[in-house]
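S.K.: Test case, fold it:
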Amino acid sequence: MKIIATLGPKTTNKEVIKQLIDVGVDIFRLNFSHFYENQFNNMISIIRSIDKDMDIMADLQGKKVRVDESLKNVFKIYENEIVYFCGYDGYLIFDENNKKMKLIPLNISSEIISNNNIEKISMKDGTMNFKVIDQNNGFLKVRVINDGIIRGGKGCNIPGIYFENKELTKKDKKSLKWAIENNIKIISQSFVENKRDIDHIRKYICEINGDLKSIKLLSKIETNLGVDNFKEIIRYSDGIIIARGYLIPECGLINSVDKEFDLLLKVKKYEKEKEVIIATHILDNMRKGIIPNINELESIYTFVNLGVTGFLLASETSIGNYPVKSVEMLKMLINLYKK
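M.R.: Now for the predicted structure:
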C-alpha cells in the first residue's frame with residue numbers, strides 16, 4: 001500500500017525530504033496547480049540525490065475553474081456582502097470607473113457562465129461559499145456566506161457546470177512536457193469526467209514521449225459526472241484517485257461519503273487489479289497537532305480493509321506543521337490495520 005506525500009512550503013529542504021523517505025513515503029507528489037519551475041527543479045534534485053529510484057508524481061491541474069490570474073490584487077470578503085463573478089473576457093472590458101465593486105474573474109468565458117444555470121459557488125474545500133442571487137450577461141451577483149480571502153489562482157467549485165474541453169489546456173501541456181522531460185513516470189490528471197479527458201492526455205504523452213509504456217496514468221475523480229462515468233475512466237487508466245477535497249463541495253458533504261464508498265466498492269468489483277487511492281482529509285488533525293482524531297483512525301481502518309492501494313497526503317505534508325509525523329503515523333496505521 002503506497003503513501004503519496006505532497007511537497008510544499010513545509011517540505012522543501014533536504015533534511016525533511018530524507019526524513020519523509022525514511023519513515024515511509026513511496027511517492028512524492030508535485031502539485032502543478034501551483035507550478036514554480038525553479039522550486040520543482042530543486043525538489044527533484046534533492047529527491048534523486050537521496051534515492052535516484054524514488055517515484056515522483058506530476059499532478060496536473062486539469063479543467064479546474066479558478067479565480068483568473070488576471071486578478072492581481074488580493075481582497076477580503078465578508079459574510080452577507082454582495083460581490084460579483086464574471087468570465088475572464090468580461091473582466092478585461094470591465095469599466096475602470098467601477099473598480100470599487102468587488103468583481104472576481106474566473107478562468108472561463110462569459111459564454112460558459114451564460115450557458116449554465118449556476119446556483120452556488122464554493123472555494124477552499126467548501127469552507128467559503130457564495131449564493132447566486134442574479135445571473136445576467138455572463139455576470140453573477142452573489143451573496144457571501146462565509147468570510148474569506150480572494151486571490152488569483154484560487155480553486156472554485158461550481159456544481160453542475162458543464163463546458164466542452166476539446167483538448168488539454170495550455171497549462172497542462174506545459175506541465176506535462178516538463179514532467180516527461182524530467183523523467184517523471186507517474187502522471188495524475190485532475191477533474192477527469194469521461195474517456196475523452198483521458199484520450200487527450202494519452203495522445204499528448206505519445207506526441208512528446210513516443211509511447212505510453214513507461215508512464216503510469218492515474219485519473220482523479222472529483223465530480224458527479226466523474227463518479228457516473230467511472231467504468232470508462234478506470235478502463236482507460238492505470239488507476240483512479242478519489243479526491244475528496246473537491247468531491248465534497250461538488251457533491252455535498254453528506255452525499256460525497258456515499259459516493260466515495262460506492263465508487264470504491266464498484267471499482268474493486270469490476271477492475272480488481274487497478275489502483276484506487278484515497279486523497280485529502282486523511283489526517284487533517286495532524287496539520288496542527290501530532291495526534292489524529294478517532295474519526296480519522298476509523299476512516300483509515302475502513303479504507304485499508306476495503307482494499308485501497310494507497311493514500312495521498314495533501315496539506316498534511318505540504319503546509320502542515322508535522323509532515324514527518326503524519327507520514328510516520330499513516331505508515332504505522334496501515335501496518336496495524338492490514339488483515
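S.K.: Where does pLDDT dip in the stretch 101-250 of the chain?
M.R.: 164-166 (pLDDT under 70).
S.K.: Shouldn't residue 94 be within a strand?
M.R.: No. Per DSSP: H, G, I helix; E, B strand; the rest coil, residue 94 lies outside any strand segment and is coil.
S.K.: isn't it right up against residue 86?
M.R.: Yes. Contact status for residue 94 versus residue 86: in contact at 7.3 Å, counting by C-beta atoms under 8 Å. (C-beta placed from N, C-alpha, C; glycine too.)
S.K.: got the buried residues for the top strand by length along the chain?
M.R.: Ordering each strand of the chain by length in residues (DSSP state E) puts strand 128-136 first. Within strand 128-136, the residues that qualify as buried are 128, 129, 130, 132, 135, counting by 16 or more other C-beta atoms under 10 Å.
S.K.: swap in stretch 196-209?
M.R.: Counting neighbours by 16+ other C-beta under 10 Å, the buried set in stretch 196-209 is 197, 198, 200, 201, 202, 204, 205, 209.
S.K.: Show the subsequent helix or strand relative to the helix or strand that contains residue 142.
M.R.: Assigned by DSSP states H and E, residue 142 belongs to strand 139-144. Later in the chain than strand 139-144, the nearest helix or strand by DSSP H and E is strand 148-150.
S.K.: Sheet partners, orientation included, of that following strand?
M.R.: strand 75-77 (antiparallel) (DSSP bridges).
S.K.: what sits up against the partner strand?
M.R.: 83, 102, 144, 147, 148, 149, 150 (C-beta atoms under 8 Å, 6 or more residues apart in numbering).
S.K.: how about the strands in the stretch 101-250 of the chain?
M.R.: 103-106, 120-123, 128-136, 139-144, 148-150, 156-157, 186-189, 216-221, 239-243 (DSSP state E, counting those that start in this stretch).
S.K.: which other helices and strands contact the first one?
M.R.: Put plainly, it is strand 103-106. When contacts are defined as 3 or more C-beta pairs under 8 Å, 6 or more residues apart in numbering; DSSP states H and E, strand 103-106 packs onto strand 82-87, helix 88-92.
S.K.: Tell me which of the ones you listed lies nearest to residue 161.
M.R.: Counting by C-beta to C-beta, residue 161 lies closest to strand 82-87 out of the helices and strands packed on strand 103-106; the figure is 11.7 Å.
S.K.: by how many degrees do the closest one and strand 128-136 diverge?
M.R.: Orientation of strand 82-87 against strand 128-136 (axes from the mean of the first three to the mean of the last three C-alpha atoms, to 10 degrees) gives an angle of 70 degrees.
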